[in-house]
Every structure is written in structure tokens, then in C-alpha cells.
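Colleague: Here is my input, please return the structure:
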Amino acid sequence: MFLGTHSPRLDDKGRLFLPAKYREDLAGGVVITKGQERCLYVFPAAEFERITQALRAAPVTAKAVRDYSRVFFASASDDVPDKQGRVTIPPALRQYAALQRDCVVIGANTRLEIWDEQAWESYLSDQEDAFSAASEEVLPGVL
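Modeller: Residues are numbered from 1 along each chain as shown. This is a model prediction of the structure:
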């Protein structure tokens, strides 16, 4: 389970330090791909395999499944963090998420998300009121 908010910087070569507390869990490899709201998703290789199997079982005749799968897999890039815990974010993914220098990496349960710092602050500001007002109807039986 991935938790917390971290603030690494993207270097000139497009490399980013993953949070130190997760380096061991991610040492076997990661898959980085486009996420919703113009962030990037970082999955441990085993979790990406689980998602792949679930999408493989979905009907290819469903247009939404085809559309999502195409974008999700076409933008995916696998990497193994180096000894310092850095991964290289491909240029196309950096552009998609508008990543410059200051980034935010958040824990999002089964994945990490990489955000441009300003985009994350804006998103979080927009979502705070909705989070505070969330009721049983929004998340039935969860809390």
C-alpha cells in the first residue's frame, strides 16, 4: 500500500527519485503510464500484471475497454529503478503530465502518482471541499 506525499525534483535527464520508503517494493521494476487528470501512474510490475489480466478478461467488443486499453498500454513504459531509486520518465509522459522540475509523488493505495507540483496543488484545492463533504452515498460501506 502506497501512502503519503513526497516532493522530489525531476533532473535534467528526466529522472525522478521515488520515495525511499518504497524503493525495496519497487526494486523489481515499475510501469509508468498515463493517469487521469494529467498525472502519471506508477505501478509495481506485479500490480501492472494484475491490471493487464483484468483488462484481458474484459470484452474487446466494448468500445470503452478498447479506448482505455489503447491509451493505457500505448503510453506505458517499464523501468527498473537505479541503485539510488531513480526512474526515467519518458519525454512523452513528461509532456502529458506537464512535468517540469518540481514534482509531487503521492501514494494512491496500489500505485504511486506523479504530478506537476502546481497541478497537484490546484487539484487538491479543488477537491478539499468535496472530500470534506463526502457522505455514505459517495463511498457506501467504506467508512
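
Colleague: what bridges to the residue nearest to residue 4 when sequence neighbours are not counted?
Modeller: Residue nearest to residue 4 in three dimensions, not counting chain neighbours: residue 107, with 4.9 Å by Cβ to Cβ, 6 or more residues apart in numbering. From N, CA and C alone the C-beta is placed, and that goes for glycine too. When bridges are called by DSSP bridges, residue 107 pairs up with residue 112.

Colleague: Touching, residue 107 and residue 25? I think so.
Modeller: No. Counting by Cβ atoms under 8 Å, residue 25 is not a contact partner of residue 107; they are 11.1 Å apart.

Colleague: distance of the residue nearest to residue 4 from residue 129?
Modeller: For residue 107, the distance to residue 129 equals 22 Å [Cβ to Cβ, to the nearest Å].

Colleague: Neighbour count: those two, which is higher?
Modeller: Remark: of residue 107 and residue 129, residue 107 carries more neighbours, 17 against 9, as counted by other Cβ atoms under 10 Å.

Colleague: wait, what's in contact with that one?
Modeller: Shown in contact with residue 107 (Cβ atoms under 8 Å, 6 or more residues apart in numbering): 1, 2, 3, 4, 5, 19.
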